[in-house]
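Colleague: Prediction below, plus the sequence it came from.
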Amino acid sequence: MELPGVELANGAAFVREFAITLPVDSEGVINAMAERGFLAGISLTGDYPDLPRNMVIAVTEKRSRAELDGYVTALKEVLAHG
Amino acid sequence: MAEPGGCASSAPLVGGDAEPALSEFSSPGRRASSFPSLDVPYRPLELPEAVSRVPRLPEVAEHDLVMHYTRLAHRNFAVDLGAYPLGSCTMKYNPKVCDWAGAHPGFARLHPTTPAHLVQGALEVLLETERILCDLTGMTRATFQPPAGAAGELTGLMIMRANHTANGDARTKILIPDSAHGTNPASVTLSGYEAVEVPSNHRGMVDLAALQRALDDQVAGLMLTNPNTLGLFEEEIIEIAEAVHEVGGLLYYDGANLNAIMGIARPGDMGFDIVHSNLHKTFATPHGGGGPGAGPVAVSGNLVRYLPGPLPVREEGGNIGWEMPSASIGRVHGQHGNFLVVLRALVYMRALGGEGLRRVAERAVLNARYLEHLLGDRYDLPYPSICMHEFVTSAKSIKHDTGVRAMDIAKALLDRGYHAPTVYFPLIVDEALMIEPTETQSRETIEALAAALVEIAELAYRDAEAVKEAPLRTPVHRPDDARAARNLQVTWAGRREE
């Protein structure tokens, strides 16, 4: 499932977590995702004020495929509704 | 290779073989846990070979793992096993309700970067604990970031420096009594100040005249514990505070001995400006194994602006958010400190209530005084003033008469089922035995501990060698501390053949 406007923040190999760039500010996305039951990731804004649209995601080994798919569906909704 | 299950004694506290290293139980393919099955497409890691390796870890079953660590745990003396009169460490019993709260998944599984509006309960815990702590110490606001007492000291000194610097007043010295904890001069040096020692008088308290001679416009502040490290209440604290403030210095309260005065007297009322508390000691978190602890720093009114941040603040409408103090010295710890230790402290405070906290202090002092009384004249009492929650006695005469030292007495106590007191500290007492029974030992235990100490003193005169050989009943006897420190080996290189 592709998410329009969402990209990996860099193309390098990643291991346990990865950073994405969103089409909008990450803090608003995190709050909207929380309303849908997901703590979606860590906003980088606090540590890097010039990266307001970046977010770090760590899914761990504990999340099932259904949960991961649910996350993507929720993020798609959040981005679609601005 | 040892069999899984181990060759250690089934009664490890009374001896037995050395516990094998975990790697000695290893059997290829054995596992302690199983991962959920993979339900996403498999993609191998694409890492350069140079940085990828397969770690050689012990392969054991969960039961092997649990037995191994449980056996090791049983070779440790612990507050839950017996009396632990380790002076200045406040080794009190930690109520199990605090374990329950600290393990509650609603708190234990929180992530520290969760947006504030989703963790209002945790922020309420921080605000409420801060309120009670400030009430107990007479301060205005507190930070929970410092993870230990010494970290609190450094934070307090940085706040002192920020305050003096803001006043255009670059000071260079911090005064410390000669009975102080070793962490005090270490924190002073680390913070860039010069530590200047103030002698104790013949009663074991700060020598006021000597303090006044040491005070000048280069003194940034004084660090003091009260009761002090000899377990004595600094009776001239008001005069001390006035003298330090007179030259523009600040007073730092080292909360190591807060257990003695909690709910009875407040450092703020004595004139202290900055107070650290050891939540792990006074408010019931197991400590002594390296943490986690919490050494919150509380300050009086005009110093609040320098506190590390962010601090939780109640916003209009009742929600709690985060705010950085206006002239903050910055962060002194990642995130918000050891939150679960703060939570445990709050549960302890609320379970006991104000009256209960006061009774803790009263009984801690009563127990120490009773134990000191029971020892009679079997040990020297270098400072005969009446003690607070702990007292410092000395084996100086015993050593002179029999050759038995404070360390031998401490070891002999282990054989009798008690943890040793703190020995050779404070440094101003020869052959020091520093004893703090805490409020959580029963009268019967205190009487039995006293009887053991008296019996050891008598044995020293009758059969000094028997005391010097101790301990004989513990899993290990007298490890070579000096060699262990000078020839430190922290990796396992295989069992040495005999």
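Modeller: It's in. Only a predicted model underlies this, so the values are computations on that prediction, with no experimental measurement involved. Numbers count the residues shown, from 1 in each chain, chains lettered A, B, ... in the order given.
Colleague: Which residues are in contact with residue B:39?
Modeller: A:64-65 (C-beta atoms under 8 Å, 6 or more residues apart in numbering or on different chains). Just so you know, the C-beta spots here come from the backbone N, C-alpha and C atoms, and that holds for glycine as well.
Colleague: mind running it again at 6 Å?
Modeller: By C-beta atoms under 6 Å, 6 or more residues apart in numbering or on different chains, the contact set of residue B:39 is residue A:65.
Colleague: Could you name the specific helix or strand carrying whichever residue of chain B sits closest to chain A?
Modeller: At 4.1 Å from chain A, residue B:39 is the closest residue in chain B, using C-beta to the nearest C-beta. With elements delineated by DSSP states H and E, residue B:39 resides in a region that no helix or strand encompasses.
Colleague: and the gap between it and residue B:202?
Modeller: With the distance defined as C-beta to C-beta, to the nearest Å, residue B:39 ends up 76 Å from residue B:202.
Colleague: now residue B:156
Modeller: 30 Å.
Colleague: Between these two, which is the more surrounded one?
Modeller: residue B:156 (28 against 10; other C-beta atoms under 10 Å in any protein chain shown).
Colleague: Leaving aside the residues adjacent along the chain, what's closest to the more buried one?
Modeller: Spatial nearest neighbour of residue B:156, chain neighbours left out: residue B:274 (4.3 Å); criterion: C-beta to C-beta, 6 or more residues apart in numbering or on different chains.
Colleague: check contacts around that neighbour.
Modeller: B:156, B:252, B:299.
Colleague: what ranges of the chain fall below the confidence cut-off?
Modeller: All of this is about chain A. For chain A, the stretches flagged by pLDDT under 70 are A:1, A:82.
Colleague: Let me rephrase: I mean chain B.
Modeller: B:1-16, B:492-498.
Colleague: ok, and for the longest helix along it, which residues are buried?
Modeller: Longest helix of chain B, by residue count under DSSP state H: helix B:339-375. Buried residues in helix B:339-375, counted by 16 or more other C-beta atoms under 10 Å in any protein chain shown: B:339-349, B:352, B:357-369, B:371-372, B:375.
Colleague: Can you identify each of the strands in the chain by residue range?
Modeller: Going with chain A. A:7-8, A:18-21, A:42-43, A:54-57 (DSSP state E).
Colleague: other chain: chain B
Modeller: B:141-143, B:173-177, B:194-198, B:219-224, B:250-255, B:274-277, B:297-299, B:311-314, B:320-323, B:391-394, B:422-423, B:432-435.
Colleague: Dump these into a markdown table; add distance to residue B:411 as well.
Modeller: Below are the strands of chain B laid out as a markdown table (distance: least, C-beta to C-beta, whole Å):
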| stretch | distance to residue B:411 |
| --- | --- |
| strand B:141-143 | 40 |
| strand B:173-177 | 30 |
| strand B:194-198 | 31 |
| strand B:219-224 | 33 |
| strand B:250-255 | 29 |
| strand B:274-277 | 33 |
| strand B:297-299 | 37 |
| strand B:311-314 | 47 |
| strand B:320-323 | 50 |
| strand B:391-394 | 17 |
| strand B:422-423 | 10 |
| strand B:432-435 | 12 |
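Colleague: Residue A:79 is nearest to which of those?
Modeller: Among the strands of chain B, strand B:320-323 comes nearest to residue A:79, with 26.5 Å by C-beta to C-beta.
Colleague: List the buried residues for the closest one?
Modeller: residue B:320.
Colleague: again with stretch B:43-63
Modeller: B:58-61.
Colleague: roughly how far is it from the heart of the chain?
Modeller: From the chain centre to the centre of stretch B:43-63 is a distance of 37 Å (C-alpha atoms, centre = their mean, to the nearest Å).
Colleague: Check the offset of stretch B:109-123 from the chain's centre.
Modeller: The answer for stretch B:109-123 is 27 Å, by C-alpha atoms, centre = their mean.
Colleague: swap that for stretch B:364-371, sorry
Modeller: That offset, for stretch B:364-371, works out to 20 Å (C-alpha atoms, centre = their mean).
Colleague: Can I get that stretch in CSV, CA atoms only?
Modeller: The C-alpha coordinates for stretch B:364-371 follow below in CSV (Å, rounded to 0.1, in the frame of the first residue of the first chain):
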residue,chain,number,x,y,z
ALA,B,364,13.9,6.0,62.7
VAL,B,365,15.4,8.3,65.3
LEU,B,366,14.0,6.2,68.2
ASN,B,367,15.4,3.0,66.8
ALA,B,368,18.9,4.5,66.3
ARG,B,369,18.9,5.9,69.9
TYR,B,370,17.7,2.6,71.3
LEU,B,371,20.4,0.6,69.5
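Colleague: sorry, back to before: could I get the buried residues of stretch B:43-63 in a markdown table, plus columns for distance to chain A?
Modeller: Below are the buried residues of stretch B:43-63 laid out as a markdown table (distance: C-beta to the nearest C-beta, whole Å):
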| residue | distance to chain A |
| --- | --- |
| B:58 | 20 |
| B:59 | 19 |
| B:60 | 20 |
| B:61 | 20 |
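Colleague: Tell me, how many residues neighbour residue B:150?
Modeller: So residue B:150, with other C-beta under 10 Å, has 21 neighbours.
Colleague: hang on, isn't it packed against residue B:183?
Modeller: Yes - contact criterion C-beta atoms under 6 Å: residue B:150 and residue B:183 qualify, at 4.2 Å.
Colleague: In chain A, mark out all the helices, start to finish.
Modeller: Counting by DSSP H, one finds helices in chain A at the ranges A:26-35, A:65-80.
Colleague: For the last one, buried residues please.
Modeller: Neighbour-count burial for helix A:65-80 flags A:71, A:74-75, A:78-79 (criterion: 16+ other C-beta under 10 Å).
Colleague: and which of the residues you listed is nearest to chain B?
Modeller: residue A:71 (12.3 Å).
Colleague: burial of the closest residue to that closest one other than its chain neighbours, as a residue count?
Modeller: Leaving out its chain neighbours, the residue that sits closest to residue A:71 by C-beta to C-beta, 6+ apart is residue A:38, at 5.5 Å. When neighbours are counted by other C-beta under 10 Å, residue A:38 registers 16.
Colleague: With adjacent residues omitted, what lies nearest to residue B:77?
Modeller: Nearest to residue B:77 is residue B:419, by C-beta to C-beta, 6+ apart, at 5.0 Å.
Colleague: Pull the contacting residues for the one you found.
Modeller: Applying C-beta under 6 Å, 6+ apart, the residues near residue B:419 are B:77, B:84, B:86.
Colleague: List, one by one, the residues from chain A near chain B.
Modeller: A:13, A:34, A:42, A:61, A:65 (C-beta under 6 Å from any C-beta of the partner chain).
Colleague: Can I have the buried ones of these as a ChimeraX selection?
Modeller: Filtering these down to the buried ones (16+ other C-beta under 10 Å) takes a single ChimeraX command:
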select /A:42
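Colleague: Identify the residues contacting the residue in chain A that chain B sits nearest to.
Modeller: Nearest to chain B in chain A, going by C-beta to the nearest C-beta, is residue A:65, at a distance of 4.1 Å. Applying C-beta under 6 Å, 6+ apart, one finds that residue A:65 lies in contact with B:39-40.
Colleague: any idea how far it lies from residue B:37?
Modeller: With C-beta to C-beta as the criterion, residue A:65 and residue B:37 are 10 Å apart.
Colleague: Same check on residue B:374?
Modeller: Taking C-beta to C-beta, one finds residue B:374 at 64 Å from residue B:37.
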